[in-house]
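Engineer: fold the following and give me the result.
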Amino acid sequence: MSTMLAEGDDLSGAEKVFTFFRDALLNGTLKPGERLLGERELSLRLSVSRPLLREALRSLAMLGFLDIRHGKGAYVRQADINVLSDFFTFSLAQQPDILDDVMQARIAIECQAIRLACERATESDLKRIGSKLTRLMDTLHDPIEGGAADFAFHQAIVEAGHSEALATLYGAIGELLRRSHVQRREVTVSEPGIVDYLVEAHREVFLSIVDRNSDAADRKLRDHFAIGDEFRRRSLISAFARRPQT
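Structural biologist: Sure, this is the predicted structure:
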C-alpha cells in the first residue's frame, strides 16, 4: 500500500492524510473492505503525529469513507452517496440563488445521460421510467408529491444511462434538485395549460428514449427545460401583476 504523497512539503498534517487516502483510492492500492496500515506505521509513513492522524481518520469516518473498528483498525468503506449529497447541500445552500446555478448543472448531466439512456437502457430501465411517468401524471395537482415524482422521473433517466459518474454527480445535488422541482410546481400549479404541458413534455421525453433516438431525446429534454422556465416566468409575472396596489 505504498502510495506517493503530492509533491511539496508544505501540506498540513491533515492534508497529508487526506491526500494519501485519496491517492490510494485513485491508484487502486486501497479498495473498499481493505484495512489501512496500523496507526503507528501510518503516522511514521506520513510524518504526522498519532493524535492528528486519529483526528483525520475520524473525519474520514464521519464522511462515510472509513469504518473504524475498535481494536481492529480502520477499513475502507464504499462511499455513501447520501453523505456526499448532504455535503453538497450544506456547501451550496450557503450560496445566493443557488437553485438557478444547480439547474445549469442539471441540464448538463441530464442531456448527456439521456443520450446514454437511449443506447444503454434495459427493458427494466424503461419500465421503471414509465412507472415514474405514471406517478408523475397521478400527482399533477399536488406541488409537493408532484415535484417529488417529477424529480424521480428525471433521476430514473439518469440511472438508465448507466454512467456511475453522472449518477453520482446527480445524486450529490439530488436534494437541491428535488427542492427545485417542488418550488417550480408551487409557482406554476395555477398557470393555465401547465397540466397538459407536464403530461405531454414528459411523455415525449419518455417515448424518445423508447425509440432509442438520442438526438430527439436531447432536443425534447432541452425544449422541456426551456418551456418550463417560460411557464415559471409567466407565473411570477402573473403573481406580481395580481398584487393590489398600495
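
Engineer: please enumerate the helices of this protein.
Structural biologist: 13-26, 39-46, 50-62, 81-92, 98-120, 123-138, 143-160, 164-172, 174-188, 194-210, 214-241 (DSSP state H).

Engineer: what angle do the first one and helix 39-46 make?
Structural biologist: The directions of helix 13-26 and helix 39-46 differ by 100 degrees, with axes from the mean of the first three to the mean of the last three CA atoms, to 10 degrees as the criterion.

Engineer: buried set for helix 13-26?
Structural biologist: For helix 13-26, burial by neighbour count (16 or more other CB atoms under 10 Å) applies to 13, 16-21, 24-25. (C-beta placed from N, C-alpha, C; glycine too.)

Engineer: closest one of those to Ser49?
Structural biologist: Gly13 (6.9 Å; CB to CB).

Engineer: separation between the closest one and Arg45?
Structural biologist: Using CB to CB, to the nearest Å, we find Gly13 at a distance of 13 Å from Arg45.

Engineer: what do you get for Ile157?
Structural biologist: 45 Å.

Engineer: of all the buried residues of helix 13-26, which comes closest to Phe90?
Structural biologist: Ranked by distance to Phe90 (CB to CB), the buried residues of helix 13-26 are led by Phe18 at 18.2 Å.

Engineer: before we move on, the earlier item: Ile157 and Arg45: which has the busier surroundings?
Structural biologist: For Ile157 versus Arg45, the count of surrounding residues by other CB atoms under 10 Å is larger for Ile157: 25 against 15.

Engineer: list the contacts for the more buried one?
Structural biologist: 110, 113-114, 117, 129, 205, 209 (CB atoms under 8 Å, 6 or more residues apart in numbering).

Engineer: let's have these in JSON lines, adding distance to Arg219.
Structural biologist: Formatted as JSON lines, the contacts of Ile157 follow (distance: CB to CB, whole Å):
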{"residue": "Glu110", "distance to Arg219": "13"}
{"residue": "Ala113", "distance to Arg219": "15"}
{"residue": "Ile114", "distance to Arg219": "10"}
{"residue": "Ala117", "distance to Arg219": "14"}
{"residue": "Ile129", "distance to Arg219": "18"}
{"residue": "Val205", "distance to Arg219": "10"}
{"residue": "Ile209", "distance to Arg219": "13"}
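
Engineer: taking those residues, tell me the two that lie furthest apart.
Structural biologist: Glu110 and Ile129 (12.6 Å).
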